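*Asks:* sharing a model prediction with you, sequence too.
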Amino acid sequence: AQTVTQSQPEMSVQEAETVTLSCTYDTSESNYYLFWYKQPPSRQMILVIRQEAYKQQNATENRFSVNFQKAAKSFSLKISDSQLGDTAMYFCAFIDSGNTGKLIFGQGTTLQVKP
Amino acid sequence: NAGVTQTPKFRILKIGQSMTLQCTQDMNHNYMYWYRQDPGMGLKLIYYSVGAGITDKGEVPNGYNVSRSTTEDFPLRLELAAPSQTSVYFCASSYRVQRGSNNQPQHFGDGTRLSIL
């Protein structure tokens, strides 16, 4: 079965500092896609970044970058220069390779950015 | 650019009542999904649709029904509301060309917070 695990229920970081959120997953597929979604208190699900498994280069989106380790099945999110608006729950997600295309979510990590 | 629109945003139901959660998208996406999110948890798939007229069960379909008569609309129906269905419901859509083409991210609506009392 495909699973996604986020082992850090809560984290905090000082404004302007860097924080890394961890995610591991399990799959027997060789080509797949991984995502990080942000859910602020407004409850919206906002796509932060995505990674294609066949690409060796780690994805980057402005202050957000990933460390994708395919052999270790690890997909961590690094947030640089943290801002108060980054306070949210972050979900790591893996897309099902079958016909559904459904997202399989981790349990989430609540990130608090402190002023 | 509306994207995925869900109505209502909030609703309180009594046990045994029924209601329909509406979802519509204007991006001409073929795939649509309904997820539920319980407090402090990730999202779990209820039902999904790969195109008009085609629906299938996800992980937690019991107590729900769906229909997909048009590409744009994918309503979720609760027939006999139970306290266990208290949750936040998200509708999402994406465009997939073929099986295994997984590179398009899903676009989410803003969610419907449903309480069953």
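*Replies:* Alright, I've got the coordinates. Numbering: from 1, shown residues only, chains lettered A, B, ... in the order given.
*Asks:* just the strands from chain B, written as ranges.
*Replies:* Secondary structure of chain B (DSSP state E): strands at B:4-7, B:10-13, B:19-25, B:31-37, B:43-51, B:54-57, B:64-66, B:76-78, B:87-94, B:107-108, B:112-116.
*Asks:* make CSV from those and add mean pLDDT and distance to chain A to it.
*Replies:* C-betas here are computed from N, CA, C, even on glycine. Below are the strands of chain B laid out as CSV (pLDDT from 0 to 100; distance: least, C-beta to the nearest C-beta, whole Å):
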stretch, mean pLDDT, distance to chain A
strand B:4-7, 96, 10
strand B:10-13, 96, 11
strand B:19-25, 97, 14
strand B:31-37, 95, 6
strand B:43-51, 93, 5
strand B:54-57, 94, 7
strand B:64-66, 97, 14
strand B:76-78, 97, 15
strand B:87-94, 95, 6
strand B:107-108, 92, 4
strand B:112-116, 96, 8
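*Asks:* go through those and name the closest to A:Arg50.
*Replies:* Proximity to A:Arg50, assessed across those by C-beta to C-beta, is greatest for strand B:87-94 (12.0 Å).
*Asks:* that closest one pairs with which strands, parallel or anti?
*Replies:* Looking at strand B:87-94 with DSSP bridges, its partner strands are strand B:31-37 (antiparallel), strand B:107-108 (antiparallel), strand B:112-116 (antiparallel).
*Asks:* JSON lines for those strands, including mean neighbour count?
*Replies:* Putting the strands paired with strand B:87-94 into JSON lines (neighbours: other C-beta atoms under 10 Å in any protein chain shown) gives the following:
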{"stretch": "strand B:31-37", "mean neighbour count": "25"}
{"stretch": "strand B:107-108", "mean neighbour count": "20"}
{"stretch": "strand B:112-116", "mean neighbour count": "18"}
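*Asks:* of the ones you listed, which is nearest B:Leu80?
*Replies:* Nearest of those to B:Leu80, taken as C-beta to C-beta: strand B:112-116 at 10.1 Å.
*Asks:* now the closest one, how far from the centre of its chain.
*Replies:* Put simply, strand B:112-116 sits 13 Å off its chain's centre (C-alpha atoms, centre = their mean, to the nearest Å).
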